[in-house]
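1. need a structure here:
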Amino acid sequence: MRATKSWIAEYAALPAGLSGRELGEALVRSGLEVESVETIGGDVTGPVVIGRVLGFTDEPQKNGKTIRWCHVDAGAAHAPADAPAPLVKGGVTEPVVADGGQYWPRGIVCGAHNFAPRTWSWWRCPAASCPAASASRRAKPTATSPTA
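-> Numbering: from 1, shown residues only. Below you'll find the model as predicted:
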């Protein structure tokens, strides 16, 4: 059985700052068997951002697969300086107006098909590293922009 630290904290008072490894050791000292302790997200570095998908264009590839050129509103802090291409094909024709100003959505190439416009999703900025996610996929997730 897997038990998250947050789930255990619902039933037991845990000291502030207790690591998952320390919790596992405490459970063993209390007579419980702990097979392994896993740290989820501990190997992620760099910015991981939540953004809203504004639109996308399906682009068939030579290998028969289809990728998506997506336009994502991830806030002004992660916006490119110029309009991402192909702007009109993705249904986005003008900048996003929010945060007291306007900015262009981010252009992201994605191989996934389990999302739709107006949904929220995570993406990692080009400088970020997410080894566990990359190892579980054949291709690494990428965030790109013609101006990046």
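
2. Which other helices and strands does the biggest helix by length in the chain contact?
-> Identified as the longest helix of the chain according to DSSP state H is helix 20-29. Contact analysis of helix 20-29 by 3 or more Cβ pairs under 8 Å, 6 or more residues apart in numbering; DSSP states H and E lists helix 5-11 as its packing neighbours. Where C-beta positions appear, they are placed from N, C-alpha and C, glycine not excepted.

3. So for the residue most central in space within the chain, what's the pLDDT?
-> Note on the chain: the residue nearest the mean C-alpha position is residue 122, at 2.7 Å, using Cα atoms, centre = their mean. Residue 122 is assigned 83 on the pLDDT scale.

4. Look up phi and psi at it.
-> Main-chain torsions, residue 122, degrees, to the nearest 10: phi -100, psi 150.

5. Could you tell me how far it is located from residue 96?
-> Per Cβ to Cβ, to the nearest Å, residue 122 is found 18 Å from residue 96.

6. Restrict the longest strand belonging to the chain to CA atoms and write it as PDB.
-> Looking across the chain with DSSP state E, the single longest strand is strand 48-60. Only the C-alpha atoms of strand 48-60 are listed here, as PDB (Å, rounded to 0.1, in the frame of the first residue of the first chain):
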ATOM      1  CA  VAL A  48       7.400  24.600 -13.800                       C
ATOM      2  CA  VAL A  49       4.400  26.700 -14.800                       C
ATOM      3  CA  ILE A  50       0.600  26.200 -14.900                       C
ATOM      4  CA  GLY A  51      -1.000  27.800 -18.000                       C
ATOM      5  CA  ARG A  52      -4.300  27.900 -19.800                       C
ATOM      6  CA  VAL A  53      -4.500  26.400 -23.300                       C
ATOM      7  CA  LEU A  54      -6.000  29.100 -25.600                       C
ATOM      8  CA  GLY A  55      -5.900  27.100 -28.800                       C
ATOM      9  CA  PHE A  56      -3.800  24.700 -30.800                       C
ATOM     10  CA  THR A  57      -3.200  23.500 -34.400                       C
ATOM     11  CA  ASP A  58      -2.700  19.800 -35.200                       C
ATOM     12  CA  GLU A  59       0.300  19.200 -37.400                       C
ATOM     13  CA  PRO A  60       0.700  15.800 -39.000                       C
END
